[in-house]
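S.K.: Sharing a model that was predicted from the sequence below.
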Amino acid sequence: MKTDELIRGLARDERAGRAPETLLALLLPAGLLVSVLLFAGALHLRPELSRMLAEPRVLLKIGVSFALGAAACVLALRLCRPGADPRPAVALMLVPPVLLAAGVAGEMLVTPASGWMTALVGRNPRACLTFIPLLAAPLLVAALLALRQGAPANPARAGAVAGLMAAGFGASLYALHCPDDSPLFVLTWYSGATLIVTGLGAVLGRRVLAW
Amino acid sequence: MDDRERRWSEWMRAGLAGDSAAYEGLLREIAPALRAVVRRRLAGYGAATAETEDIVQETLLAVHLKRHTWRPDSPLAPWLWTVARNKLVDHLRQRGRRVHVPIEDFAELIPAEPERPGTDAAEVERHLSRLPEKQRAVLSAIAVDGNSIGDTAARMGMTPGAVRVTLHRAFATLSARLRSET
């Protein structure tokens, strides 16, 4: 097939894909629904949640997680668009760690050093490491399916960012159950869970986001 | 942005809106531009320029299959050169060559000389022959023989809709196989 012939064929193929943004807007809510069902089946909202939502440490935990999901969502879409400048989105990714660092600093200022270790270990780190990846999984699937329409220069990297997005939103959901509120706990275990989902996203992305 | 780039963006916008003549005009004009850049880059790495036409065709396939990732309100050229660079890097990587290709090398403006391909796209040809039979037949009837969708449908006893779907699948399969080759 000569190049001229290929071009003739391509010009007659009028079917085009859908923008990753469009597809993500459809699939992410579907993934979220599955995550919410998993949450309803395996976990429960923490007691007195509405009162707890006024608690700064609870707000920080949810806020940092949600900010991570949102920033990674913006970055993932940028990475899937050839020629788009990812730098503003990368800057946005700095927001969650800076927020968390401020929270950790605040916690260390207002609580005695003798309590730090107890707060860090918390009540249930294993549940955190189990349920955040579990709740993130449907979101990761949704994100990867949507991003398959994209054209990332580095599929593993785009997959990792999809993992960050899924972990961020999954952790926001888990935070509605999680009884451990110390920023030290969030720093350790939420980050650990995020790392697991991010690694999974990178491994999967390398395979499914290549184009 | 020069006149050529402005024209490319307009043609792509028209193409996405269903103007296949404008789209074909765009692909015909970017092909020699791609060929010139790819050949020069390959020569720069000391790689065989015999692979040029394969990379040009792989890039055209990618441009086609990923055209919905271009934002119609932005210029086409930066998008196009990024796709071209990524396809060149992929092609070389699959053959065990690690290369760093700065995007600037692609962004240069090269005069679109009426250059002809010196060699065939051997790999594309090889994968083409191994496509599922129906996809190969439809692609060949439309691209190589120049038949319309309607004629191809009548000749192969398919509906025009089925021909369109099969044609699109043929390009997607071809692109996927070129990518996964090691």
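M.R.: Received it, and whenever you're ready, just let me know what you need.

S.K.: From here on, just use CA atoms for contacts and neighbour counts.
M.R.: Noted.

S.K.: Next, name the residue at the spatial heart of chain A.
M.R.: A:Met165 (2.2 Å; CA atoms, centre = their mean).

S.K.: Give me the distance between the residue nearest the centre of chain B and B:Leu27.
M.R.: Ranked by distance to the mean C-alpha position of chain B (CA atoms, centre = their mean), the top residue is B:Leu60 at 0.8 Å. To B:Leu27, B:Leu60 is 7 Å away according to CA to CA, to the nearest Å.

S.K.: pLDDT-wise, which helix or strand of chain A ranks last?
M.R.: helix A:49-52 (a mean of 86; mean pLDDT, DSSP states H and E).

S.K.: who touches it?
M.R.: With CA atoms under 8 Å, 6 or more residues apart in numbering or on different chains as the contact definition, helix A:49-52 has outside contacts at A:Val58, A:Leu176.

S.K.: after that helix comes which helix or strand?
M.R.: helix A:56-79 (DSSP states H and E).

S.K.: Which strands or helices does that next one pack on?
M.R.: helix A:87-92, helix A:95-110, helix A:155-174, helix A:183-185 (3 or more CA pairs under 8 Å, 6 or more residues apart in numbering or on different chains; DSSP states H and E).

S.K.: Make a markdown table from the ones you listed and add distance to chain B and mean pLDDT to it.
M.R.: Shown next, in a markdown table, are the helices and strands packed on helix A:56-79 (distance: least, CA to the nearest CA, whole Å; pLDDT from 0 to 100):
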| stretch | distance to chain B | mean pLDDT |
| --- | --- | --- |
| helix A:87-92 | 16 | 96 |
| helix A:95-110 | 27 | 96 |
| helix A:155-174 | 11 | 98 |
| helix A:183-185 | 39 | 96 |
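
S.K.: of all of chain A, which residue lies closest to chain B?
M.R.: Nearest to chain B in chain A, going by CA to the nearest CA, is A:Gly9, at a distance of 4.1 Å.

S.K.: okay, now the nearest residue to that residue once chain neighbours are set aside: neighbour count?
M.R.: Spatial nearest neighbour of A:Gly9, chain neighbours left out: B:Ala143 (4.1 Å); criterion: CA to CA, 6 or more residues apart in numbering or on different chains. The local packing of B:Ala143 (other CA atoms under 10 Å in any protein chain shown) involves 23 other residues.

S.K.: Helix, strand, or coil at B:Ala143?
M.R.: Here B:Ala143 takes the helix state, with states given by DSSP: H, G, I helix; E, B strand; the rest coil.

S.K.: Now do the contacts for it.
M.R.: A:Met1, A:Glu5, A:Leu6, A:Ile7, A:Arg8, A:Gly9, A:Leu10.

S.K.: for the last one, what are its contacts?
M.R.: If I follow you right, that is A:Leu10. B:Glu24, B:Leu61, B:His64, B:Ala143.

S.K.: No more questions from me, cheers.
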